[in-house]
Every structure is written in structure tokens, then in C-alpha cells.
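Q: pasted the sequence and its predicted model underneath.
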Amino acid sequence: MHRGAGLAFRWARKMASSGVEPQILVQYLVLRKDLSQAPFSWPAGALVAQACHAATAALHIHRDHPHTAAYLRDLGRMRKVVLEAADERTLKELAETLQQKNIDHMLWLEQPENIATCLALRPYPKEEVSQYLKKYRLFK
């Protein structure tokens, strides 16, 4: 186990034993479903990698935000939700909406193809962003 992970687990136990419930933060990812289907037919591992790239980039870019810092301090309680977008157009439309509403996110562009594959929000309380994501289903 990573040395910092032990500290995070101890901190989480301390918070739980103190009766103080930390705010629940969720990192939402929206992954293109069409990439798993013909004509693309990307393997599952390639899709998982796209989600990992987007999540890592969003956490890095927004690492100084208090929600991101809190999310990373409590490794034992990390929550991610992976949703599906039908295609690239749908993913880019979501990115535009989030940009207009000042919702911090990262649209991952796979290189060298330069195609949008996954969008990741920084960690947010669910109630702050659910209105923008409610039309997307869990990725299957």
C-alpha cells in the first residue's frame, strides 16, 4: 500500500469515530459508448484507459480546489460514477454545457487522432452537478 494511503485511511477512521461526517464527493466520468461498438470496436482495456486518463487529468488540473484536495485526502471513500454518452457529438455538447455553467471538467482528447473520448469532472458534491448528468445512464 502507498505510504500516503495509510494516513488517509487513519484520517477517515478518525473522522468516522468523531461523529463528524465528511462531505460526500463524487467524481463523474462520461465515456463514449460508441467506441465499444462497430465500426470502432475498441477493447474494454482501451476504454478503461481513456476514463483513467480523463479522471487523472481532471484531478491534476483542479488539484488546488478544496473539493479535490478533500477527495484525495480520503482515499478510502473515493467515489467515481462512470456514465455513457452515445457518441462524440453528445460528449462535446455536454462539455459545452459544463463550460457555460462554470462546472470544472476535463474533456480528454485521444492523440494522435484528436478525438474526444471521455469527460471527467473534478470531484463535486452530487447535488451540485446532478442536473447536468441526469440524462446519462451508467456505462455498461
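A: Thanks, I have the structure now. Numbering: from 1, shown residues only.

Q: contacts, neighbours, all on C-alpha from now
A: Fine.

Q: skip the chain neighbours and tell me the closest residue to residue 23.
A: Nearest-residue entry for residue 23: residue 125, 7.3 Å, with adjacent residues in sequence omitted and distances by CA to CA, 6 or more residues apart in numbering.

Q: contact partners for that neighbour?
A: 23, 24, 25, 26 (CA atoms under 8 Å, 6 or more residues apart in numbering).

Q: are any of these buried, and which?
A: 25, 26 (16 or more other CA atoms under 10 Å).

Q: spatially, which two of the contacts of residue 125 are the most separated?
A: Spatial extent of the contacts of residue 125 (CA to CA) is set by the pair 23 and 26 at 9.8 Å.

Q: how many neighbours does residue 94 have?
A: Neighbourhood size, residue 94 [other CA atoms under 10 Å]: 18.

Q: and for the one 3 residues further on?
A: By other CA under 10 Å, 12 other residues sit near residue 97.

Q: cool, and the one 4 residues further on?
A: A total of 11 residues lie near residue 101 under the criterion other CA under 10 Å.

Q: quick one: residues contacting it.
A: By CA under 8 Å, 6+ apart, residue 101 lies in contact with nothing.

Q: let's see 10 Å
A: Neighbouring residues of residue 101 by CA atoms under 10 Å, 6 or more residues apart in numbering: 95, 129, 132.
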